[in-house]
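> Mind folding the following:
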Amino acid sequence: MEIMEIKEYFLKPGELLFSKVPAIVKTILGSCVSVCIFDNKQKFAGICHYLLPDSAGNSASTKYGNVALNLLIQRFVRERSDIKNLEAHIAGGSFIIFQENSVFFIGDNNVDIARKILGEYGIRIKSTNTGGEQGKRVLFNTRSGLLLVEPIKVLDISDLYNPDI
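Here you go, the predicted model:
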């Protein structure tokens, strides 16, 4: 019997990943949001990690939720996924203060754009783990569609780019 090695990836803010092979994707979230989408018939998946909700048409960067989600969903469409076989998980959107002088209230807006776009496509939301005042560590299995979200008590902005957290 051949044992298949499962690759692991760390997703930084503004990145997305689509995989037809088994992988474990890890990301760290504050007010950012990750949306994980799984095709439960074809057994492949994708995940995005965005920082801001909407580019307002001024950017094609995947750091914006509207851009990242539409690109990710269009990849499923190109791969002939049937929308009724897709299920999504939404994680993140915490209220995080990274500096004493800066308060960001974008977590709720990041979650709202995910719900809006998934709803427009008719993609079922299987789970949400959003809000709160702590960061989140996300582990997503692209073969099974399983998602693990763990709280992170203390989070610094540089942690969003640190695969060892």
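
> For the rest of this, base every contact and every neighbour count on C-alpha atoms.
Fine.

> Please tell me I have it right and I28 contacts Q134.
No. Look at I28 against Q134 with CA atoms under 8 Å: they stay out of range, at 11.0 Å.

> Tell me which of these two has more neighbours.
Neighbours per residue, other CA atoms under 10 Å: of I28 and Q134, the larger number sits with I28, 31 against 22.

> Just grab the bridge partners of that one for me.
Counting by DSSP bridges, I28 forms beta bridges with R137.

> Just give the nearest non-adjacent residue to L29, would you?
K136 (5.1 Å; CA to CA, 6 or more residues apart in numbering).

> now do A91
Nearest one to A91, counting by CA to CA, 6+ apart, is N129 at 4.7 Å.

> Distance-wise, check that neighbour relative to K136.
Noted for N129: a distance of 9 Å to K136, by CA to CA, to the nearest Å.

> any common contacting residues for the two?
Common contacts of N129 and K136 (CA atoms under 8 Å, 6 or more residues apart in numbering): A91, G92, V149.

> about what we covered before: quickly find the element holding the residue nearest to A91.
If you go by DSSP states H and E, N129 is part of strand 124-130.

> Output the contacting helices and strands for that strand.
In terms of contacts (3 or more CA pairs under 8 Å, 6 or more residues apart in numbering; DSSP states H and E), strand 124-130 is packed against strand 86-92, helix 106-121.

> so of those, which one's packed in deepest?
strand 86-92 (a mean of 24; mean count of other CA atoms under 10 Å).

> In its sheet, which strands sit next to that one, and in what direction?
strand 33-39 (antiparallel), strand 124-130 (parallel).

> Touching it from outside, list them.
By CA under 8 Å, 6+ apart, strand 86-92 touches 29-40, 107, 111, 114, 123-131, 135-136, 138, 147, 149.

> just the CA coordinates of that strand, formatted as CSV?
C-alpha atoms of strand 86-92 as CSV (Å, rounded to 0.1, in the frame of the first residue of the first chain):
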residue,chain,number,x,y,z
LEU,A,86,-20.3,23.4,-2.6
GLU,A,87,-20.2,24.2,1.0
ALA,A,88,-18.4,27.0,2.7
HIS,A,89,-16.9,27.8,6.1
ILE,A,90,-16.3,31.4,7.2
ALA,A,91,-13.7,32.2,9.9
GLY,A,92,-12.2,35.3,11.4
